[in-house]
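Chemist: I would like the atomic coordinates for the input below:
(chains A, B, C and D, ligands or ions: 4)
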Amino acid sequence: MLLIKCPWCGARAETEFSYGGEADIKRPEAPDKLSDKEWADYLFMRKNPRGTHRELWNHSQGCRRWFGAERNTVTYQIADIFTLSEDSG
Amino acid sequence: MRYSALSLVKNAFTHNRNWGEAWRTPDPKKHYDALIVGGGGHGLATAYYLAKEHGMRNIAVLEKNWIGGGNTGRNTTIVRSNYLWTEASLLYEKSMQLWERLSQELNYNVMFSQRGVYNLGHTLQDMRDIERRVHANRLNGIDAKVVTAEEIKESIPHINTSPDARYPILGASLQPRAGVARHDAVAWGFARAADNLGVDIIEQCEVTAINCEGGHVTAVETSRGTIHAEKIGVVVAGNASVLSSMVDLRLPIESHPLQAYVSEPLRPIIDTVIMSNAVHGYISQSDKGELVIGAGIDAYTGYGQRGSFSIIEHTMQAIIELFPIFSRVRMLRLWGGIVDVSPDACPIISKTPIDGLYFNCGWGTGGFKATPGSGWVFAHTIAKDQPHSLNKPFNLQRFETGALIDEHGAAAVAH
Amino acid sequence: MFKESNRSHGLESFIAPESEQNSQAQIKVSIQSNVAHINLRGKIKHRPFLEHMETVLDQKLPVKPNTTNFENHSIFWLGPDEWLILCPLSEATKLVKDLQGSGGSMHAAVNDVSGGQIALRLDGNHVRDVLAKGCTLDLHPSVFGQGMCAQSNLAKANVLISMGHEPHAFDLIVRRSFSDYLLHWLKVAAAEYTTEWSES
Amino acid sequence: MQPNRLKTGGRINRSKPLNFFFNGKAFKGYEGDTLASALLANDVKLVGRSFKLRRPRGIVGSGAEEPNSIMQVDKGAMAQPNVRATQVLLHDGLIAKSTRGWPSLRFDIGFMLDVFSSIFSAGFYYKTFMHPRPFWKYYERFIRKSAGFGKAPEHSDPETYEHRNAHCDVLVAGGGPAGLMAALTAASSGARVLLADDQTEFGGSLLNTATHVNSKPGSEWVRQTVSALSKLDNVTLLNRSTVFGYHDHNFLTIVQESDDHVRQREWRVRAKQVILSQGAFERPLVFCNNDRPGIMQASAVSTYINRYAVCPGERAIIFTNNDSAYQTALDLKRAGATVAAVVDSRKKGGGSYAAAVEQAGIPLLYGHLITNVSGQNHITKAHIAKWDGDNDAIIENSIKIPCDLIAMSGGWSAAVHLHSQAGGQNQWDHNLCSFVPGAISQQTISAGAGNGKWALEDCLQDGHDAGMSAAKRCGLQPIASEQLPAVSEIHTTPIEPLWRVPATVDPDRCPKQFLDFQNDTCVSDIRLAVREGYRNVEHVKRYTALGFGTDQGKLGNINGMAVLAETLGKPLEDVGTTTFRPPYTPVSFGACAGESVGSLYDPVRKTAMHDLHRSAGAKFENVGQWHRPWYFPKRGESLDAAVARECLKTRQSVGILDASTLGKIDVQGPDAVKFLERIYTHNVGNMSVGRCAYGIMLGEDGMVMDDGVMARIDDQHFYLTTTTGGAAAVLSWLELWLQTEWPELDVFLTSVTDHYSTIAVSGPNSMKLIEKIGCDIPLTSDQFPFMSIRNAHLNRIPVQLFRVSFSGELAFEINIDSNYAAGMWEVLIDAGQEFDITPYGTEAMHVLRAEKGFIIVGQDTDGSVTPVDLRMNWMLSKDKDFIGKRSLSRPDSLRDDRKQLVGLLSNDGKTVLLEGAQLVEDPAASIPIPMCGHVSSSYMSSCLGHPIALALVAGGHSRIGQSLYASSGEKSFVPVTITNPIFYDKKNELQNV
Ligand SMILES: Cc1cc2nc3c(=O)[nH]c(=O)nc-3n(C[C@H](O)[C@H](O)[C@H](O)COP(=O)(O)OP(=O)(O)OC[C@H]3O[C@@H](n4cnc5c(N)ncnc54)[C@H](O)[C@@H]3O)c2cc1C
Ligand SMILES: NC(=O)c1ccc[n+]([C@@H]2O[C@H](COP(=O)([O-])OP(=O)(O)OC[C@H]3O[C@@H](n4cnc5c(N)ncnc54)[C@H](O)[C@@H]3O)[C@@H](O)[C@H]2O)c1
Ligand SMILES: Cc1cc2nc3c(=O)[nH]c(=O)nc-3n(C[C@H](O)[C@H](O)[C@H](O)COP(=O)(O)O)c2cc1C
Ligand SMILES: [Zn+2]
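Modeler: Residues are numbered from 1 along each chain as shown, chains lettered A, B, ... in the order given. Ligands and ions are numbered 1, 2, ... in the order given. So this is what the prediction gives:
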């Protein structure tokens, strides 16, 4: 049971959060210009690293904000928590 | 030495001092015709069928740890073939047919026990899905039937079929030929049989890089040195992305923790396998008497072979919902594996853009049952450099074309 | 011709009749049915929003996470751009209108959500013990004291937990469709104590 | 009559005798006894049989490490399987039964297994039972018969369990001298301390030995310390509480045995710092027949004497390779037993204990071994021989000395279980002959014997230091103890490892030397495994079942690993341990589940009208967490009849449906249109204020994800509905896009699902009904056209009124503050009497919508269906991008043989197709028969007088009129014809009136 530090609400139990997968995947500007392969890359392909992972979390049972975390996928230690945009506050 | 009751008696007289090695412990050679990376059940089966069906003897299995220590050694051992889509069910049914003769084929008792598997339905939509799957199974030649709550109660007297349950059991699908097998024996049996055919099984040998030249694989770097080969088949389950990143190949895989636990050994009380999507738990009883129970995957990715305890608490609640009398039964041990989850809950058994490099992964929470079948088609793919018709649909291109084989809807729990 | 439609929270069956009320109860649960719930969204960086709201409300919005401001209305921080305002039922329509103000320019959203939420007050020395059975928050007085609020889970329901000015009284707000479940859970969780269930 | 009970001493309450039964025989014990101490007090020696070989077994240990005395306790609903006698508190009337042994414990038919044990060597079952192939079924049935220990209780559990969350600065696991000292020191800083110990009383080994602290019995110091701790507000003391799991991020789980309103409580603790003071386990010695009843851990013997006033034998022999068992010799002597000898494998000894033993006149045999014992169900003699220290020696001359008790000590293993669960490393300490805790990345400190400190003095110091560090790490200032409790100084002689005792023949032929007592894993099994190539410690575990039992190797694992190391010729540290996993000791499913079982298993979400529906006799169905009325049978009416009636009445007059469970989202902001354009497939900007539209949203993979009605309330203000099951997922999906991808958009989303209850009124008389209850807006189609929304008052209550229809009839949906919804429902029902208003449930709703060809996402779609497949091309805007659009041009999305939504009619006009039936072209084809689709919805349409169905059919859109076969039973098929999916009012005239 991870302890996750919501950038707003503070440290809360993992059960208050939902996981959003890999962070930093930007939706392509012009999907129709992409080849099928490029689109598949965006849609399905994931880094899935063994080690440091930048990922999305949502404080779904709390403030409902999405934010990012840098977590080690082997030790499960969370090294960093980051907000996603200037505007999120 | 062939295993049999007679050989057991004979060896007893010599105090079991003359049993040979089940498999050798060779040092890696400089070069093999083909390498299989990953000494789980799938890797070992691949090597065995490469040797047996395709005559390739100069081959090796490279295992970073000890064989069978990955998901093969930590799953709930459910074997069934009642999948929804034809592509999937034909693949799993091939595997089922191999299971049915596996102990004899390998001369190693893998204790494949066809005690039947119930997939419970708790909502009207569950029951529609069950009908749909059962009808599809029958047309594909797979034994399957829809059973009522009363029939379930008759075969599993301790299950809670009360209509007042929070999620009452409305019915189930039953595959009588489905069942469980002894997980470790599967790895060991394949290893022994492959070794017998000359396959080198090399443990404590971690692949750290894959070398290519001109779009073709040439060798792997390992913790025990460089090993050359023309063909490399990668079957490392939860670690697929780690291997694919060595050649900049992107995979649609996320590795998640999946947990399971066993109870203390009990006198026989369940003689079949029960799975439920809606309340999310699945349970069977081993020959030693432990209840073997599987949980759901953790939402986050993880390579830690452990997950969050809250998942286990939910599974406990689900099991007690199904079997209220088990509240006093005690959990003996809890563990986790790393499952390689694909977007459509179906495997990838495929050539890659690199010549001579093949990947077999994406089995997620349900690949144990496929062990022999997966090895059989993967061996074919590697030997012939083209997929068998059974694994053709399970290629990497489907993520570009969109031809996914979506088993999610049909069996959210794909174990 | 028709009978007047009654306002109802639907939890009548939990409330003990007057005659069975137990004033000595260790835990008193009361359903706070006479308040309106207003959900407010807006960006605090946007000056006009803050100015307008604070003028209408005649108090500051709590902008520090997990805090409340009870000066005038009861206002709870829900998120960096979200608040809950409780006010007397009779004032709700006007307050919503006033908060909405001239509309679009303020970049705000005001929703009366009174129908969707149930407010409960739990009072007594052992309330923390009962809540601790289902809530992963640290409710120790040194961590969660008067004036604090937090959204979290209580058993399997999402709740807003807060403390007003009384030392042992916690306020819970739960979604209406989960309220029957939550009260049922509370009954079980508080079974080791004497309890009183009422409405106010 | 308790023959082995000492006259004085012990921590039992002699004024409270208790009756209990073991295997049907009545015995007496005292309050404070465990079942094990009470059995030993009554000289019960045989308590169980081993798992595989059915060997007779007695009690060996006194705590969590006990592998043999696995009992079924109590009966009926109170029965508990597989508890170890050493951990069961005696209560009056307790009924215990041994769990193996047939037909009786004393005479087990399975002794044959022992006789032929060479055949049943490790892994034997992998080598046989393979022929003939079909026979495995029967072999297995036979094998399974002998499975398991206890029986799962067959009655439902009358007791309850609960969870309890807790937070603390310092959690101390284990309340022996180290743990108590740690708790006391940490608490002095004001830190919130939680101390958990699995025993009834705190004090750990201090209660088990005759040790003195501050010149008084150790128990006195314990009493004072516990009393001081219990006075502190910042300290929580949990006895009978086992810390069973140490999970990530300093989350620990504790199971507490409870006597109050629940049977057990699971504590879920988040600790800033954790101090592990679990103590150590004493190891057995590995000699021939070392599993015979009467052979016990030396420390267990001491525990029974000191703590329970039970002396488990009259004539004892001590067998040891270290000094600690010398204390047992003294304890036995003091308890009045004869100590025939202390057999010490070391060449020489010395030190305080040796001196005391010599002084007590106990013969001390250095350089000697016990190689074997005589006696089956109980030992009668020890075979003692001289030894020169050569591990490969064959021992020839032994003398047999009568005895009824052997107290053995092979040294101690620090309990590194929780440390290891937490991800900590372990290091082999050659001097201690134990693994000790190494590096760890969680906030954990080990202390006491669990940290490799054997001397009490060191344990106290270590506990104190751990308490100091833990408090400091929390940023608090603890008060250092000026003086630690005084303990008399003791000189000991170091342990000399003895992992396997040489026997009279080599280890493969000698009588069995047990490592894992529960699973009958012997030295010869380990050697066999290695010979067969199972060399990794994990392979050996799995091949021989070493450490697989209910004690999880607490007793025998280190010995096993050492024997493995010896066989492999490797140092023990290179062999390593197997993985430590939760739970530390077995924990009940009930405790882990807590109170969320039965009716609290999952919340039942109820609408505001729920109770009215129940009174009206509704049958409910689960939809997500909701309970929705499924149908409203009149007395004696079947599902089919009720649904037929509900449908007919609705189409003929007026029906009323509770649609409150639909997800409802309020969307406001200057960028609302921009945002919704990107989410929905249709042109949102074109909608005028006051109008509604049907909308679908796709996943980025192009598949239909959810659908609903969108209403434009104002320029920048929209209202959306989602499916019942999709509500939460859709809102969080929208927030995901808004917050992560398009934070620049100024839009606010607010769930109003619970605020609004939704009442749908459908049928030709619906308008009249609305008018009748008093509506302050005009309802006619010119002023309030189909697919519009208005704010209105109904019966003076403000509502959002929608002119939408999911039945194809003239219909209205009323969104009303849920506080008023039940009242409104009643008003409508009352007023509707004149139209014979009919409440209908989800089933009738499904029929009505299917007659119109409307889909249900999740029933008629399954995550592989695009809007094109549903013939919703018209809803796909060409002028904009939206989520999922790109995927619709992937090659597979463009195939014209995709499964597409069509209608189906059974050719006989009578057969209602099975939902889920598969469609084939040629039922006579050979298996596998190609399938070209399936039936997704199927109903008897009472309005049309014949059955209808919706189906997904490959290339279906271009196959209207063609025939197929729908599977119906094992081998039967129903001929069907593909049709347009709209069956009723094909021109959509009724809803527009
Ligand atoms: C808890 C749990 C329950 C499950 N239940 C079921 C079930 O009931 N039924 C079912 O059918 N399936 C089930 N599964 C899924 C099933 O276990 C797996 O799909 C299957 O065992 C995968 O087999 P494998 O041989 O591909 O992988 P593994 O057995 O994981 O083998 C992969 C091997 O690759 C090795 N490896 C990794 N990286 C390297 C490297 N760099 N170099 C060399 N070697 C490497 C690993 O050490 C490992 O031994 C379950 C899984 C889990 C975790
Ligand atoms: N002579 C020797 O060689 C030798 C060797 C080892 C220990 N000892 C003696 O043993 C004592 C060690 O003191 P200590 O405090 O380290 O240990 P301890 O054994 O006295 O106390 C540990 C306590 O922790 C409990 N415990 C263990 N695991 C637990 C869990 N998971 N949850 C809850 N409780 C748990 C145990 O039941 C016990 O009560 C000292 O007196 C020491 O001299 C002597
Ligand atoms: C089907 C099955 C049955 C198991 N039965 C037992 C058992 O009876 N006792 C036990 O200690 N572990 C049992 N295990 C768990 C293993 O001990 C071990 O936890 C698991 O293989 C994962 O390995 P690890 O814990 O060493 O990482 C079982 C595992 C499986 C897959
Ligand atoms: Zn938050």
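Chemist: check contacts around the residue nearest to the spatial centre of chain A.
Modeler: What sits nearest the mean C-alpha location of chain A, by Cα atoms, centre = their mean, is A:Leu56, with 1.3 Å. Neighbour list for A:Leu56: A:19-23, A:66-69, A:84, D:736, D:740 [criterion: Cβ atoms under 8 Å, 6 or more residues apart in numbering or on different chains]. For glycine as for every other residue, the C-beta is placed from the backbone atoms N, C-alpha and C.
Chemist: kindly report the same for D:Gly150.
Modeler: By Cβ under 8 Å, 6+ apart, the residues touching D:Gly150 are B:264, B:266-267, D:70-72, D:80-83, D:99.
Chemist: before we move on, the earlier item: closest to ligand 3 out of the contacts of A:Leu56?
Modeler: Nearest to ligand 3 among these, counting by Cβ to the nearest ligand atom, is A:Tyr19 at 23.4 Å.
Chemist: quick check: the gap between the closest one and A:Ile4.
Modeler: 10 Å (Cβ to Cβ, to the nearest Å).
Chemist: the more surrounded of those two?
Modeler: Counting neighbours by other Cβ atoms under 10 Å in any protein chain shown for A:Tyr19 and for A:Ile4 shows that A:Ile4 has the greater number, 24 against 17.
Chemist: what is the burial count for residue 38?
Modeler: If you meant another chain, say so; for now it's chain A. The number of residues near A:Glu38, taken as other Cβ under 10 Å, comes to 14.
Chemist: meant chain C actually
Modeler: 22.
Chemist: anything in the helix or strand where it lies near chain A?
Modeler: Here C:Ile38, judged by DSSP states H and E, is contained in strand C:35-42. No. Strand C:35-42 is not in contact with chain A by Cβ under 8 Å from any Cβ of the partner chain; minimum separation 10.8 Å.
Chemist: next one: that strand to chain centre, how far?
Modeler: Distance, stretch centre to chain centre, for strand C:35-42: 11 Å (Cα atoms, centre = their mean, to the nearest Å).
Chemist: tell me what that strand is packed against?
Modeler: helix C:47-57, strand C:82-88, helix C:92-100, strand C:108-112, strand C:117-123, strand D:748-751 (3 or more Cβ pairs under 8 Å, 6 or more residues apart in numbering or on different chains; DSSP states H and E).
Chemist: can you pull the buried residues of that strand?
Modeler: C:35-42 (16 or more other Cβ atoms under 10 Å in any protein chain shown).
Chemist: ok, back up a step: now for A:Tyr19 and A:Ile4: what residues contact both?
Modeler: Residues within reach of A:Tyr19 and of A:Ile4 at once, by Cβ under 8 Å, 6+ apart, are A:Trp57.
Chemist: contacting residues around the most centrally placed residue in chain D?
Modeler: Using Cα atoms, centre = their mean, the residue of chain D that lies closest to the mean C-alpha position is D:Cys592, 6.0 Å off. Shown in contact with D:Cys592 (Cβ under 8 Å, 6+ apart): B:312-313, B:316, B:331, D:266.
Chemist: that one in helix, strand or coil?
Modeler: Secondary structure, DSSP: H, G, I helix; E, B strand; the rest coil: D:Cys592 is helix.
Chemist: D:Ser324 touches D:Met408, doesn't it?
Modeler: No. Between D:Ser324 and D:Met408 there is no contact under Cβ atoms under 8 Å: 11.1 Å.
Chemist: more crowded one of these two?
Modeler: Each of D:Ser324 and D:Met408 has its neighbours counted (other Cβ under 10 Å); D:Met408 has more, 29 against 20.
Chemist: what's the distance between the more buried one and B:Asp406?
Modeler: 61 Å.
Chemist: going through the contacts of D:Cys592, which ones are buried?
Modeler: Buried, going by 16+ other Cβ under 10 Å: B:312-313, B:316, B:331, D:266, out of the contacts of D:Cys592.
Chemist: which of those residues sits closest to D:Tyr631?
Modeler: Closest approach to D:Tyr631 among those (Cβ to Cβ): B:Met316, at 34.6 Å.
Chemist: surely the closest one is within a helix?
Modeler: Yes. Counting by three-state DSSP, B:Met316 is found in a helix.
Chemist: need the contact list for it.
Modeler: B:Met316 neighbours (Cβ under 8 Å, 6+ apart): B:331, D:589-590, D:592-593.
Chemist: which one of those residues is nearest ligand 1?
Modeler: Closest to ligand 1, out of all of the contacts of B:Met316 and judged by Cβ to the nearest ligand atom, is B:Met331, at 14.1 Å.
Chemist: what score does that closest one have for pLDDT?
Modeler: B:Met331 is assigned 98 on the pLDDT scale.
Chemist: what's across from it in the sheet?
Modeler: Counting by DSSP bridges, B:Met331 is bridged to B:Ser263, D:Val587.
Chemist: please report how far it lies from D:Val587.
Modeler: Distance from B:Met331 to D:Val587, by Cβ to Cβ: 6 Å.
Chemist: equivalent analysis for C:His168, please.
Modeler: Taking Cβ to Cβ, one finds C:His168 at 33 Å from D:Val587.
Chemist: between the two, which has more neighbouring residues?
Modeler: Using other Cβ under 10 Å as the criterion, C:His168 and D:Val587 rank with D:Val587 on top: 23 against 15.
Chemist: one step back: so what touches the strand holding C:Ile38?
Modeler: Taking Cβ under 8 Å, 6+ apart as the rule, strand C:35-42 contacts C:49-50, C:53, C:61, C:78, C:81-89, C:91-92, C:95-96, C:99, C:106-114, C:116-117, C:119, C:173, D:668, D:748, D:750.
Chemist: for the helix or strand that contains A:Ala40, packing partners?
Modeler: For A:Ala40, the host element (DSSP H and E) is helix A:36-43. Contacts defined by 3+ Cβ pairs under 8 Å, 6+ apart place helix A:36-43 against helix B:398-401.
Chemist: any idea of the mean pLDDT in the helix it packs on?
Modeler: Helix B:398-401 comes out with an average pLDDT of 97.
Chemist: give the closest residue to residue 17 in space, chain neighbours not counted.
Modeler: Chain wasn't specified; assuming chain A. A:Trp57 (5.0 Å; Cβ to Cβ, 6 or more residues apart in numbering or on different chains).
Chemist: could you do chain D instead?
Modeler: Nearest to D:Pro17 is D:Lys28, by Cβ to Cβ, 6+ apart, at 5.4 Å.
Chemist: which strands or helices does the helix or strand that neighbour falls within pack on?
Modeler: Taking DSSP H and E as the criterion, D:Lys28 maps to strand D:25-31. Here strand D:25-31 touches strand D:13-22, helix D:35-41, going by 3+ Cβ pairs under 8 Å, 6+ apart.
Chemist: so, low pLDDT: which residues of chain A?
Modeler: Within chain A, the stretches with pLDDT under 70 are A:86-89.
Chemist: could you list the contact residues of it toward chain D?
Modeler: Residues of chain A lying near chain D (Cβ under 8 Å from any Cβ): A:1-3, A:13, A:18, A:20, A:26-27, A:30-32, A:34, A:36, A:39, A:43, A:56, A:58, A:60, A:64-66, A:75-77, A:84-88.
Chemist: appreciated, that's everything.
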